[in-house]
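Visitor: output the structure for:
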Amino acid sequence: MKRILLLAFIFITCIAHAQWSTDPNVNNPICTTVNQQLAQRIVSDGHSGAIITWWDYDLSIGDYNIYAQRIDSAGVIQWATDGVAICTNSLHQQNPEITSDGNGGAIIAWQDNRSGRADIYAQRIDGSGTVQWSVDGIPVCSDTLDQTSPQLISDGNGGAIVTWRDLRGGTNYVPYAQKINANGVVQWTAGGVLLSMNTAEASQIISDGNDGAIIAWHQYTGVYPNGNFDIIAQQINTNGILGWGSNGVIVTSLTSDQLRPQLVSDGNNGAIIVWEDYRNATTYSNLYAQKVTATGVIQWTLDGVAIAPNTLHQIRHKLLSDTNGGAFITWQYSNNYLVYAQRISSDGVFQWANDGVSICHTSDPRFPDIATDGGTGAIITWYDFRGSGSGDIFAQRINSDGLVQWITEGVGVCRNPSAQAFPRLVADGFGGTIMTWGDGRNSATNSDDIYAQRVNGDGTLGGVTNVNESENSHPSEFSLEQNYPNPFNPSTTINFSIPEEAKVSLKVFNSLGEEVAELMNATKPMGNYSVNFDASKLSSGVYLYELKAGSFSEIKKMILIR
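Guide: Below you'll find the model as predicted:
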């Protein structure tokens, strides 16, 4: 009987093996078919891996389809080779966007031309790679006029809220939104909820923290060609009720143009919004920011706070919460191709150098993206033209004080001599990140492929998570076990159990209460966990390890003897 139980335990325990490449010239292929793979997007799978979707172009017949793939925390492909079909309808599908379904899978929305016009469709895929809704997806909106450019976020209950630009207003696109539940059933008014009667372009969406959403866009104000673009925001609750008036809140309205807003939660059900602003000149834009409360009240200086008051053109900005009510912002200076970053506090005061902190100065870096490092800092990726000059992927980690943590000008994530571009990334839950990009190394097919790479918190590539998970076991309570061996030299194992899905933090502190290691910071499903702690860089002494999971918290002592 004991042998049977042991074999069952071995069967259900998923052990992280080293499958991630450690060579920046090799990396991990996601899709390498003869077709073109374009516009990849990435989201966490909730288990320290990632789900990636893309737009697949079959050159032979001129057809566009949507595919997806999951790669786990150890770098092992989980679904069918070269991905699972999300939609392969014979007419064009393009511009996919993705969000987590909160249960190890994802919801993907895209623009679909199967009706002969542009509509919005969506599909849910679970963690095993099985699509959950109708074959080729369900219609989010299929009105008689065009709907394009979908964006979406999780609704907090296994579904999603989707926003798009819609031509049913006549000659101009106006913003709409719709909620889909976990079963693929639309929840609001048929055709979606109108967010504003005015024009909307470049819409972006985030959660409002209460299962609703905050959406921002730029709109044209005045009579063409004498008008200008302003920044507008709108809140919609979980029931599809607008919170900030029938046309939203004006974030900034000047006689110059304000364009392409990005937004992030302020940690209190409101948003911080950053945009490109031409108030200082018509030849270049500065980045400006504004905070809007949950009730739609503007908080900072009228028309926004300058992020980096420099005469160089600031574009392609991305945002990330700083976990303290403020935000990290990264951007590209287009005049001479530099990547910079800035942190702004919850009070609207920038925290670092006047013009921001240099992330990369060399070889024309461009198209930065940003993700959390799992603590109070951020990881930024971009592509530049050092090396072969064809395009390589690099990354840098920056802490909350604006100090870069890895080598100057960034770590080489992909240095293959072929062209790589447009990286995207997501946190891996262990202080590092998983990145994906478009890759041209496959000369045999002469097509763009999708590759990925895990970068650890110390800037090294690949490796394992050092976490063994038994997700199919059913612990009845939260528990933290004594590490074994104890005393230890130089490594030990810490076991714990959680009876339900929870945000898990496992940290190690020295005898002075100073944090010396973060072993886990991620939402984990119910199960038993075993984490290896390598203390080879620490001195002998007494250390404390603390587990926080949901409302549960416990601290135990361990002894390192060198």
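
Visitor: from here on, contacts and neighbour counts on C-alpha atoms
Guide: Will do.

Visitor: any stretches of the stretch 401-550 of the chain with poor pLDDT?
Guide: Applying pLDDT under 70 to the stretch 401-550 of the chain flags residues 445, 463-473.

Visitor: switch to 50 and redo it
Guide: The stretch 401-550 of the chain contains residues with pLDDT under 50 at 471-472.

Visitor: show me where the stretch 451-562 of the chain has helices.
Guide: Per DSSP state H, counting those that start in this stretch, the stretch 451-562 of the chain carries no helices over any range.

Visitor: so where do the strands sit in the stretch 201-350 of the chain?
Guide: Here the stretch 201-350 of the chain has its strands, by DSSP state E, counting those that start in this stretch, at 201-207, 213-221, 228-236, 249-252, 258-265, 271-277, 286-292, 305-306, 314-321, 327-333, 338-344.

Visitor: for the closest residue to Pro487 other than its chain neighbours, name its beta-bridge partners.
Guide: The shortest distance from Pro487 to any non-neighbouring residue, by C-alpha to C-alpha, 6 or more residues apart in numbering, is to Ile559 (4.7 Å). Ile559 forms beta bridges with Val542, as assigned by DSSP bridges.

Visitor: need the contact list for the most centrally placed residue in the chain.
Guide: The geometric centre of the chain, computed from its C-alpha atoms, lies nearest to Val426 (C-alpha atoms, centre = their mean), at 4.7 Å. Going by C-alpha atoms under 8 Å, 6 or more residues apart in numbering, Val426 touches Ile42, Val43, Ser44, Ala50, Ala371, Thr372, Thr433, Ile434, Met435.

Visitor: A strand includes it, no?
Guide: Yes: looking at Val426 with DSSP: H, G, I helix; E, B strand; the rest coil, it is inside a strand.

Visitor: bridged to it, which residues?
Guide: In this entry, Val426 is beta-bridged to Ile434, by DSSP bridges.

Visitor: how near is it to Ala68?
Guide: Using C-alpha to C-alpha, to the nearest Å, one gets 16 Å for the distance from Val426 to Ala68.

Visitor: same question, Leu538
Guide: 42 Å.

Visitor: run through who's touching stretch 344-357.
Guide: 266, 289-291, 300, 305, 307-310, 324-329, 340-343, 401-402.

Visitor: counting neighbours, what do you get for the residue nearest to Pro487?
Guide: Neighbour count for Ile559, taken as other C-alpha atoms under 10 Å: 17.

Visitor: check what pLDDT it gets.
Guide: In this model, Ile559 is scored at 89, pLDDT.

Visitor: check contacts around Ala289.
Guide: Ile272, Ile273, Val274, Trp275, Gly304, Val305, Ala306, Ile307, Gly348.

Visitor: let's have the strands of the stretch 201-350 of the chain in JSON lines, adding distance to Asp23 and mean pLDDT.
Guide: Converted to JSON lines, the strands of the stretch 201-350 of the chain look like this (distance: least, C-alpha to C-alpha, whole Å; pLDDT from 0 to 100):
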{"stretch": "strand 201-207", "distance to Asp23": "35", "mean pLDDT": "97"}
{"stretch": "strand 213-221", "distance to Asp23": "40", "mean pLDDT": "97"}
{"stretch": "strand 228-236", "distance to Asp23": "44", "mean pLDDT": "97"}
{"stretch": "strand 249-252", "distance to Asp23": "46", "mean pLDDT": "98"}
{"stretch": "strand 258-265", "distance to Asp23": "34", "mean pLDDT": "97"}
{"stretch": "strand 271-277", "distance to Asp23": "36", "mean pLDDT": "98"}
{"stretch": "strand 286-292", "distance to Asp23": "37", "mean pLDDT": "97"}
{"stretch": "strand 305-306", "distance to Asp23": "40", "mean pLDDT": "96"}
{"stretch": "strand 314-321", "distance to Asp23": "28", "mean pLDDT": "96"}
{"stretch": "strand 327-333", "distance to Asp23": "27", "mean pLDDT": "97"}
{"stretch": "strand 338-344", "distance to Asp23": "25", "mean pLDDT": "97"}
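
Visitor: for Leu167, find the nearest of those strands.
Guide: Leu167 lies closest to strand 201-207 among the strands of the stretch 201-350 of the chain, at 11.4 Å (C-alpha to C-alpha).

Visitor: tilt between the closest one and strand 228-236?
Guide: Computed by axes from the mean of the first three to the mean of the last three C-alpha atoms, to 10 degrees, the angle separating strand 201-207 from strand 228-236 equals 30 degrees.

Visitor: sheet partners, orientation included, of strand 201-207?
Guide: When DSSP bridges is applied, strand 201-207 pairs with strand 213-221 (antiparallel).

Visitor: what does the partner strand rub up against?
Guide: Strand 213-221 has contacts (C-alpha under 8 Å, 6+ apart) with 153, 161, 163, 198-208, 227-238, 258-263, 270-271, 273.

Visitor: from Thr311, how far off is Tyr67?
Guide: For Tyr67, the distance to Thr311 equals 42 Å [C-alpha to C-alpha].

Visitor: picking that back up, just the buried members of the contacts of strand 213-221?
Guide: With neighbours counted by 16 or more other C-alpha atoms under 10 Å, those contain buried members at 153, 161, 163, 198-208, 228-238, 258-263, 270-271, 273.

Visitor: wait, Asp369 sits on Tyr383?
Guide: No: the pair Asp369 and Tyr383 fails to qualify as a contact (C-alpha atoms under 8 Å) at a distance of 9.9 Å.

Visitor: what touches both of these two?
Guide: Pro423.

Visitor: ok, back up a step: looking at Leu538 and Ala68, which one has more neighbours?
Guide: With neighbours defined as other C-alpha under 10 Å, Leu538 and Ala68 compare such that Ala68 has more, 28 against 13.

Visitor: now do the SS call for that one.
Guide: Secondary structure, three-state DSSP: Ala68 is strand.

Visitor: ok, so what distance separates it from Pro139?
Guide: Distance, Ala68 to Pro139, by C-alpha to C-alpha: 19 Å.

Visitor: how is Arg168 assigned, secondary-structure-wise?
Guide: helix.

Visitor: now do the same contact list for it.
Guide: Asp143, Thr144, Leu145, Asp146, Val174.

Visitor: now stretch 429-437: how far from the chain's centre is it?
Guide: 10 Å (C-alpha atoms, centre = their mean, to the nearest Å).
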